[in-house]
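In: Fold the stuff below for me.
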Amino acid sequence: MRVLLVEDDLQLGSALCKALQQSGFDTVWVRRLAESRPQLSSDPVAIVLDINLPDGEGFTLLTELRRGGSSVPVVIMTARDSLSDRLRGLENGADDYIVKPFAVAELIARLRAVVRRTAGFASDQWTIGDLVIDVSRHVVSVGSDVVSLTPKEYRLLVELGQSAGRVVSRNTLIERLWSDAEEGSEAALEVQVHGLRKKIGAGRIRTVRGAGYSLESV
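Out: Purely as a prediction, here's the structure:
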């Protein structure tokens, strides 16, 4: 699950990036508004957004997203704790608002909550037919059987699971499953899809030619 972190403070940004990655989020960290916009093309599942940035306010990006029709969940984090700032953020489309200083565990809990709400899941157990993905424990089961997946297969399933019933493009999956230091390709993705199908059932992953894959309830 790719998260875009927009925070200019080096110490805080580095700590948050590390904590988010350890919690299972594929995190891209940028320090300026101008750097954040190109990252939106990778379709992050959520944005953690500071307000006071070197080249403007985070509110600007939030407004651009909502006016452009984007529903990506946004958690605002800021030292500005006035009621007017909180209302401004929420009224402009923020999904949550956390005031600095905060416990990292609280931010991660809030982030997971907005991602679940956006994806239509009310808990850490995602149920798609008789397939269950427990994202808090990294456990997958089909019916009463626990399924053993490789790390790549699990990440692929989560990416498809959070968009269950909708097509996820091949390019998006490649970008999210392979880091810049790894070699991702359509062939490598097909290998992972093949392996996952063998373990959870071939009929659950639908190929949409020229577009990508979708996870279906069977």
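In: burial count for the closest residue in space to Val30 that isn't next to it in sequence?
Out: Spatial nearest neighbour of Val30, excluding adjacent residues (C-beta to C-beta, 6 or more residues apart in numbering): Ser36 at 5.1 Å. For the C-beta atoms, the positions are set from N, CA and C on the backbone; glycine is no exception. Using other C-beta atoms under 10 Å, Ser36 has 22 other residues around it.
In: buried set for the helix or strand encompassing Ser36?
Out: Element membership for Ser36, per DSSP states H and E: helix 33-36. For helix 33-36, the neighbour count (16 or more other C-beta atoms under 10 Å) marks 33, 35-36 as buried.
In: Same list (those residues) but as TSV, adding distance to Ser136 and pLDDT.
Out: Shown next, in TSV, are the buried residues of helix 33-36 (distance: C-beta to C-beta, whole Å; pLDDT from 0 to 100):
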residue	distance to Ser136	pLDDT
Leu33	33	94
Glu35	31	95
Ser36	28	95
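In: now, among those residues, which is nearest to Asp81?
Out: Each of the buried residues of helix 33-36 was scored against Asp81 by C-beta to C-beta, and Leu33 proved nearest at 21.6 Å.
In: Now do the contacts for the closest one.
Out: For Leu33, the contact set (C-beta atoms under 8 Å, 6 or more residues apart in numbering) comprises 6, 53, 55-56, 58, 60-61.
In: Next: Asp8.
Out: 31-32, 50, 52-54.
In: so what's the spatially most central residue of the chain scoring on pLDDT?
Out: By C-alpha atoms, centre = their mean, the chain has its centre lying nearest to Val45, at 3.0 Å. For Val45, the pLDDT comes out at 85.
In: Give me the distance between it and Leu83.
Out: 29 Å (C-beta to C-beta, to the nearest Å).
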